[in-house]
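Enquirer: Requesting a structural model of the entry that follows:
(one chain, ligands or ions: 1)
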Amino acid sequence: MLRNLQVDHLQVSFNGQEVYTNLSLNVSAGELFAVIGPNGAGKSTLLKCILGLLKPQSGSIRIETDHKKAIVGYVPQSRAIDDEAPIETKDFISLGQCSGLLPWLSKKERASLQEIMHFTDTTRFAKKAIGKLSGGERQRAFLAQALVRYPDLLLLDESTANLDPEAQKEMMELVKRVAREWNVAVIFISHDLSLVKEYADRLMLIAPGRHEISESTAILDQPEKLRQYYRKVPEVDEEHAVPLDSFHDRPLNGTVR
Ligand SMILES: Nc1ncnc2c1ncn2[C@@H]1O[C@H](COP(=O)(O)OP(=O)(O)OP(=O)(O)O)[C@@H](O)[C@H]1O
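Expert: Predicted coordinates for the structure are as follows:
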């Protein structure tokens, strides 16, 4: 389990252009932390630094867990997949495991694959080619792939951006259960402030040259504050909520963790 993600005094620039000069934050187990801000603010750059894909000019990132090596799951916005890619969804999800494709999985890995596919409701299209899935189904498959190793930290980069409101909410309900029931720390980037208001515990607002952390989502009700970050303030729609029944009864035992 994650004890703490600590980002200290991060400085990142590209070709002499500063993205941030001194960015610090910490996220704890079980928390849903949102990162919001306009295009080009540096949101994805932060996730890339946490994933270790990008080396900051200075600063540090510590992922403290109660075991040896932190496991980080990542769900992208949407990734182009060849329509004809000859890989079934179950094999695609299985690629998130250390051993890769299904035939090589250990008994324990198979059990966790089965559990995660059940939890994410991907079992129903397990045999369908990944390239033939709808946008919503594909995002579920990406989420499942990010979960099969039971991550300590889950990063979502606009992972619900192309989904309809109901599918967005279904995905976020799953993510919330992962956070609360497994004590996983979640950082999610979104341009949908209604979704952020509904799901985030805390958030970071970021724009070129400035950022701040808010301890609650109440800041989203302050247009004058949002105007400091957005040229055009996105709407926060209170009526965004879509009722969901089916996702609350799906068990998530984590027995094979
Ligand atoms: N590899 C790179 N080389 C040069 N510049 C980069 C690179 N990656 C990001 N940038 C620049 O850094 C800034 C922040 O980019 P980033 O992708 O983190 O923004 P973002 O907030 O995620 O934007 P969006 O909401 O559009 O996804 C942008 O000005 C971008 O052009």
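
Enquirer: Let me know the pLDDT of the residue nearest to Ile219 when sequence neighbours are not counted.
Expert: Sequence neighbours aside, Lys225 is the residue nearest to Ile219 in space, at 5.6 Å (criterion: Cβ to Cβ, 6 or more residues apart in numbering). No exception for glycine: its C-beta is placed from N, CA and C like everyone else's. The predicted local confidence for Lys225 comes out at a pLDDT of 91.

Enquirer: Report the separation between Lys225 and the ligand.
Expert: 18 Å (Cβ to the nearest ligand atom, to the nearest Å).

Enquirer: Let me know how buried that residue is, in neighbour terms.
Expert: Burial measure for Lys225: 15 neighbouring residues, criterion other Cβ atoms under 10 Å.

Enquirer: which element is it on?
Expert: Counting by DSSP states H and E, the element that carries Lys225 is helix 223-226.

Enquirer: which other residues reach that helix?
Expert: Contacts made with helix 223-226 from outside it, assessed by Cβ atoms under 8 Å, 6 or more residues apart in numbering, are listed as Leu205, Ile219, Leu220, Val233, Pro234.

Enquirer: Farthest-apart pair in those residues, please.
Expert: Distances among the contacts of helix 223-226 were taken as Cβ to Cβ; the most separated pair is Ile219 and Pro234, at 13.3 Å.

Enquirer: before we move on, back to that, in CSV: the contacts of helix 223-226, plus neighbour count and distance to the ligand.
Expert: Rendered in CSV, the data for these read as follows (neighbours: other Cβ atoms under 10 Å; distance: Cβ to the nearest ligand atom, whole Å):
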residue, neighbour count, distance to the ligand
Leu205, 22, 11
Ile219, 17, 18
Leu220, 22, 17
Val233, 16, 15
Pro234, 16, 12
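
Enquirer: mind putting the residues you listed in JSON lines, pLDDT and secondary structure included?
Expert: Written out in JSON lines, the entries for those read as follows (pLDDT from 0 to 100; DSSP: H, G, I helix; E, B strand; the rest coil):
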{"residue": "Leu205", "pLDDT": "96", "secondary structure": "strand"}
{"residue": "Ile219", "pLDDT": "93", "secondary structure": "helix"}
{"residue": "Leu220", "pLDDT": "94", "secondary structure": "helix"}
{"residue": "Val233", "pLDDT": "77", "secondary structure": "coil"}
{"residue": "Pro234", "pLDDT": "78", "secondary structure": "coil"}
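
Enquirer: Could I get the full set of helices for the stretch 51-200 of the chain?
Expert: Assigned by DSSP state H, counting those that start in this stretch, the stretch 51-200 of the chain shows helices spanning 89-94, 107-119, 135-147, 165-182, 193-199.

Enquirer: name the helices or strands packed onto the fourth one?
Expert: In terms of contact count using 3 or more Cβ pairs under 8 Å, 6 or more residues apart in numbering; DSSP states H and E, helix 165-182 is assigned the packing partners strand 32-36, helix 135-147, strand 153-157, strand 185-189, helix 193-199.
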